[in-house]
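> Whatever this is, show me its structure:
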Amino acid sequence: QVQLVESGGGLVQAGGSLRLSCAASGRTSTTNRLAWFRQAPGKARDFVATISWSGNSTYYGHAAKDRFTISTDKSKNTVYLQMNSLKPEDTAVYYCAASRRYSGTYFYPGNYDYWGQGTQVTVSS
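Predicted coordinates:
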């Protein structure tokens, strides 16, 4: 089993920045890829970004490109999401996820095996 704990969410004004962290514990060596998803009230869970543990493979969702950066610190078993130029439409609960798979669609939530509890990000206008 792998446990994921997110932190770093909060309230920020439009144009501001936040850095989310996700600390992984347990059998992390069984996972290959980590990702961030987000879910706004009444909406589906959307893909934000993903990264391999090695850090050499990253993909971003449309809303995250050019504003968000995903990174890992393998020594700390932690994945980060640096979010800049935040907009009110970025308001959502942000979830960290981990996958054991080495293939499959990286933006599909069903391909991730472990999930954190989420951290709320609220961007005021």
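> use CA for all of it now, contacts and neighbours both
Will do.
> Residue 46 against residue 39, yeah?
Yes - applying Cα atoms under 8 Å, one finds residue 46 in contact with residue 39, separated by 6.1 Å.
> What count of nearby residues applies to residue 65?
Per other Cα atoms under 10 Å, the neighbour tally for residue 65 reads 12.
> residue contacts, it?
Listed by Cα atoms under 8 Å, 6 or more residues apart in numbering, residue 65 has no contact partners.
> Using the three-state scheme, assign it.
Following DSSP: H, G, I helix; E, B strand; the rest coil, we place residue 65 in the coil state.
> can you pull out the strands in this protein?
Under the criterion DSSP state E, strands of the chain are mapped to 2-7, 10-13, 18-26, 33-39, 46-52, 58-60, 68-73, 78-83, 92-99, 114-115, 119-124.
> out of those, nearest to residue 107?
With Cα to Cα as the criterion, residue 107 lies closest to strand 46-52 of the strands of the chain, at 5.4 Å.
> Just the CA trace of the closest one, in CSV.
This file holds the C-alpha atoms of strand 46-52, laid out as CSV (Å, rounded to 0.1, in the frame of the first residue of the first chain):
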residue,chain,number,x,y,z
ASP,A,46,-9.6,16.8,-14.2
PHE,A,47,-6.0,16.0,-14.9
VAL,A,48,-3.5,18.7,-14.0
ALA,A,49,0.0,17.2,-14.4
THR,A,50,2.0,14.1,-14.1
ILE,A,51,5.6,13.1,-13.5
SER,A,52,7.7,10.0,-13.3
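> can you give me the mean pLDDT across that strand?
For strand 46-52, mean pLDDT is 96.
> Strand 92-99 and that one, what's the angle between them?
Going by axes from the mean of the first three to the mean of the last three Cα atoms, to 10 degrees, strand 46-52 is angled at 40 degrees with respect to strand 92-99.
> out of everything not next to it in sequence, what's closest to the residue nearest in space to the middle of the chain?
Among the residues of the chain, the one closest to the centroid is residue 36, at 1.9 Å (Cα atoms, centre = their mean). Computed as Cα to Cα, 6 or more residues apart in numbering, the closest residue to residue 36 that is not its neighbour in sequence is residue 96, at 4.7 Å.
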